[in-house]
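Q: Need a 3D model of the following:
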Amino acid sequence: MSVRWVSVFIDVPPDLLEPTAAFWTEVTGTRPGRAVGSHDEFVPLEQQPDHASLWLQRTEGGPVACHVDLYVEEVAAEVRRATELGARQVRVLEDQGVVVLVSPGGLPFCLVRYRGQSARMVPVGEEGRRSVLDQVCLDIPASTYDDECGFWADFTGWPLTDAHSHDEFRRLTRPPAIPYAFLLQRLDDLDGAVTAHLDLACEDRDAECERHVRLGAAVVRRTDGWTVMRDPAGLTYCNTRRRQGDV
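A: Numbering: from 1, shown residues only. The predicted structure is shown next:
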């Protein structure tokens, strides 16, 4: 298995870092760890020290967004393999040992050396109202959907399956040690770059949405299976009624 671990990063400009940290630490039951990076731009949100899978990245500006870091044993070899599959290398952060790439459909992601991380996020909240951040959804324009699904399945080596009765979704079946499931959503839009958003699994979705609103989020749209939310910094994410731990 080439991908040994996954982290998700919320990319946020400096003026929105504090409200973003305050919101997501409350939502996920984490606390900010020691900032790292040449300019202390990476802040882990930790449930366990040294096993953070949720991070904030202070950017120089632009919209709030999220991306994934994939942790591998041999970064250089996996960069070559990713580019052979259609990804494009953007830059190398030598001081961090990080290589930034974009997928064939334009989604930024990073390859990082695996350092022995192993813990998934733990659900938080009262019995019957627990929630956990455990899924990344890739939002893919229809014209690039099949190619993008193929890239992620080939690169990770995880089986690609249909997602129940929803024709617009496929998912990658994650190995047990991986903290985040990957859902791949086909958008109605034909063109544009692939983006990503975060999903929480909620035992009581309505109660969780109400809690998030009290923390400063807003409800954008509700469906039978999920509620689209917007956090205080403008990041869109979903509260879902999935069972916690679903692949």
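
Q: worst-scoring helix or strand of the chain, pLDDT-wise?
A: strand 160-162 (a mean of 91; mean pLDDT, DSSP states H and E).

Q: Which neighbouring elements make contact with that one?
A: Secondary-structure packing of strand 160-162 (3 or more Cβ pairs under 8 Å, 6 or more residues apart in numbering; DSSP states H and E): helix 145-156, strand 169-172. C-beta: built from backbone N, CA, C; applies to glycine.

Q: Show me what that strand pairs with in its sheet, parallel or antiparallel.
A: strand 169-172 (antiparallel) (DSSP bridges).

Q: So for the next helix or strand after the partner strand, mean pLDDT?
A: Downstream of strand 169-172, the first helix or strand assigned by DSSP states H and E is strand 181-186. Strand 181-186 shows a mean pLDDT of 96.

Q: Start at 778, not 1
A: All set: I'll call the first residue 778, so the last point we hit is now strand 958-963.

Q: in its sheet, what does strand 958-963 sit against?
A: As assigned by DSSP bridges, strand 958-963 forms pairs with strand 908-917 (parallel), strand 946-949 (antiparallel).

Q: so where's this protein shaky on pLDDT?
A: 778, 941-943, 1021-1024 (pLDDT under 70).

Q: quick one on the thing from earlier: okay, the helices and strands packed on strand 937-939, which one's buried deepest?
A: Mean neighbour counts were compared across those using mean count of other Cβ atoms under 10 Å; the top stretch is strand 946-949, at a mean of 21.

Q: Identify the residues contacting that strand?
A: In this structure, residues lying in contact with strand 946-949 by Cβ atoms under 8 Å, 6 or more residues apart in numbering are 926, 929-930, 933, 935-940, 958-963, 1024.

Q: next one: stretch 817-826
A: Under Cβ under 8 Å, 6+ apart, the answer for stretch 817-826 is 786, 794, 798, 801-802, 805-813, 829, 831-836, 896, 898-899.

Q: Mind giving me the PyMOL select for the residues you listed, buried ones only?
A: Applying 16 or more other Cβ atoms under 10 Å to these, the buried members can be selected in PyMOL as follows:
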select buried, resi 786+794+798+801+802+805+806+807+809+810+829+831+832+833+834+835+836+898
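
Q: Show me where this protein has its helices.
A: Under the criterion DSSP state H, helices of the chain are mapped to 794-805, 852-861, 922-933, 982-991.

Q: which strands and helices sit next to the third one?
A: Read that as helix 922-933. strand 908-917, strand 937-939, strand 946-949, strand 958-963.

Q: Deepest in the core, which of those strands is it.
A: By mean count of other Cβ under 10 Å, those have strand 908-917 as the most buried, with a mean of 23.

Q: ok, back up a step: I'd like the helices of the chain as TSV, with distance to C843 appended.
A: Listed next are the helices of the chain as TSV, based on distance: least, Cβ to Cβ, whole Å:
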stretch	distance to C843
helix 794-805	11
helix 852-861	19
helix 922-933	16
helix 982-991	16
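
Q: Out of those helices, flag the one nearest P953.
A: Proximity to P953, assessed across those by Cβ to Cβ, is greatest for helix 922-933 (14.2 Å).
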